[in-house]
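Asks: Here is my input, please return the structure:
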Amino acid sequence: MSANGWTDADLPDLSGRTAIVTGANSGIGYELTRMLAEAGAHVVMATRSVKRGQAAARDLRGELEGELSVRRCDLADLDSVRAFTSDFIRDFERLDVLFNNAGVMAIPRSETADGFETQFGVNHLGHFALTGLLFERLRETPGESRVLTQSSGFHQRGRIDFDDLQSEASYDKWDAYAQSKLANVLFAYELDRRVDRAGIEGLTSVATHPGYADTNLQRRGPEQAGSQLRLWLMKAANALFAQSPRKGAWPMLYAATAEELTGGEYVGPTGLFNMRGPPGVQSSSDRSSDETLAKRLWDVSEGLTGIDFEIE
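Replies: This is a model prediction of the structure:
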């Protein structure tokens, strides 16, 4: 480990390992893919657009030790998630790390193919379904496997509104985003608890957040809303305060490989206001540790997606 804390230079050799990265064609997902493959892993790039995924893979190939595969996985369409997981299980005998990384942030209200509010549907339900459908492959993989779910510091603002879960009666783009990010942490913790109770060894679940990283995620909301002023302000803030997407990927990479993690942790940057710097274990909100809330969300998520993990 470097003198100033963990960096991607501390990644171990990942030869023979298989990882799935959602949202792999840009931003943090692209950097995750690059660094995992540099360390020798076979990375399956799960992208909504195969065309953009293949373009990203072409940019990366030739400089990497590991292999890249591009597969379509639209988290806003559960049929696409099912098709992706079915093909993956057919073609791959192991899954060492699942990076639930993709997401949308503060966009105008819209709905997924299954009728879910898009931020809740993509950020939480899509990844919930993906993990559930891949659970047996994760469980059967020799050695240790990990599920990493990307949240945000915004989860601290979040509340799960079971009376209006899809924001049909009232919609605030930031409240909906915060709800989805709280759901990410609740899911990561509840998954780890259920795995522990079932006595399943070698499978851990960890929540992460990237801090403030300069990616396209912040730009999509202003672009979809047609606000040039908000877009300019966002770009200016990114230029002044954000860290690079590569450093934004560090918490997930650390959580994927750090031997000292045992599951159920919340990992993010440890520098200024937890927005940048080397990764480490942090405290999440009190609400995110509410086991009753997490169980209710789990049950509702199973009902909405039709996915039963069958852990216990």
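Asks: pLDDT score assigned to Ser205?
Replies: Model confidence at Ser205, given as pLDDT, is 98.
Asks: how about it, secondary structure?
Replies: What DSSP: H, G, I helix; E, B strand; the rest coil gives for Ser205 is strand.
Asks: burial count for it?
Replies: The tally of other residues near Ser205 (other Cβ atoms under 10 Å) stands at 27. Any C-beta I mention is one placed from the backbone N, CA and C, and that applies to glycine too.
Asks: I'd assumed Arg193 was in contact with Gly264.
Replies: Yes: between Gly264 and Arg193 there is a contact under Cβ atoms under 8 Å: 7.1 Å.
Asks: bridging residues for the closest residue to Ala19 other than its chain neighbours?
Replies: Closest residue to Ala19 apart from its sequence neighbours, by Cβ to Cβ, 6 or more residues apart in numbering: Val97 at 4.4 Å. Under the criterion DSSP bridges, Val97 forms beta bridges with Ala19, Arg146.
Asks: And for Val97, the neighbour number?
Replies: Quick note: Val97 (other Cβ under 10 Å) scores 26 neighbours.
Asks: I'd guessed it sits against Leu148; true?
Replies: Yes: the pair Val97 / Leu148 is scored as a contact, 6.8 Å apart, by Cβ under 8 Å.
Asks: Name the residues contacting each of those two.
Replies: Ala256 (Cβ atoms under 8 Å, 6 or more residues apart in numbering).
Asks: what about Asp301, neighbour count?
Replies: Heads up, residue 301 is Ser, not Asp. Ser301: 22 neighbours (other Cβ under 10 Å).
Asks: and it, what helix or strand is that in?
Replies: helix 291-305 (DSSP states H and E).
Asks: Ok, Leu261 next?
Replies: Under the criterion DSSP H and E, no helix or strand holds Leu261.
Asks: any idea how far it is from Arg197?
Replies: 19 Å (Cβ to Cβ, to the nearest Å).
Asks: between those two, which one's more packed in?
Replies: Leu261 (16 against 10).
Asks: quick one, strands of the stretch 151-300 of the chain?
Replies: Using DSSP state E, counting those that start in this stretch, the strands of the stretch 151-300 of the chain run over residues 203-208, 266-269, 279-282.
Asks: ok, back up a step: now do the same contact list for the residue nearest to Ala19.
Replies: Arg17, Thr18, Ala19, Ile20, Ala41, Ser145, Arg146, Val147, Leu148, Ala256.
Asks: How about the first one: what's its closest non-neighbour residue?
Replies: This means Arg17. Arg17's closest residue in space is Asp96 (Cβ to Cβ, 6+ apart), at 4.2 Å.
Asks: And the second one, by the same measure?
Replies: The shortest distance from Thr18 to any residue other than its chain neighbours is 4.8 Å, reached at His42 (Cβ to Cβ, 6+ apart).
Asks: For the one you found, give its distance to Phe116.
Replies: 31 Å.
Asks: So which of these two has more stuff around it?
Replies: Phe116 (22 against 19).
Asks: Surely that one is in contact with Leu125?
Replies: Yes: contact criterion Cβ under 8 Å: Phe116 and Leu125 qualify, at 5.7 Å.
Asks: any common contacting residues for those two?
Replies: What both Phe116 and Leu125 touch, as defined by Cβ under 8 Å, 6+ apart, is the set Leu304.
Asks: related to what we said a few turns ago, I'd like to know which elements the helix holding Ser301 is packed against.
Replies: Secondary-structure packing of helix 291-305 (3 or more Cβ pairs under 8 Å, 6 or more residues apart in numbering; DSSP states H and E): helix 127-140, helix 173-197.
Asks: from those helices, which stretch is densest packed?
Replies: helix 173-197 (a mean of 23; mean count of other Cβ atoms under 10 Å).
Asks: Can you name every helix or strand that it contacts?
Replies: By 3+ Cβ pairs under 8 Å, 6+ apart, helix 173-197 packs against helix 118-120, helix 127-140, strand 145-150, strand 203-208, helix 291-305.
Asks: Let's have those in CSV, adding distance to Ala176.
Replies: Shown next, in CSV, are these (distance: least, Cβ to Cβ, whole Å):
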stretch, distance to Ala176
helix 118-120, 5
helix 127-140, 16
strand 145-150, 17
strand 203-208, 19
helix 291-305, 15
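Asks: buried set for stretch 293-308?
Replies: Leu293, Ala294, Leu297, Trp298, Ser301, Leu304, Thr305, Ile307 (16 or more other Cβ atoms under 10 Å).
Asks: which non-adjacent residue is nearest the third one?
Replies: Distances taken as Cβ to Cβ, 6+ apart place Leu186 nearest to Leu297, at 5.3 Å, with adjacent residues excluded.
Asks: Tell me where the stretch 151-300 of the chain is predicted with low confidence.
Replies: Under the criterion pLDDT under 70, the flagged ranges of the stretch 151-300 of the chain are 214-242.
Asks: I am finished for the moment; much appreciated.
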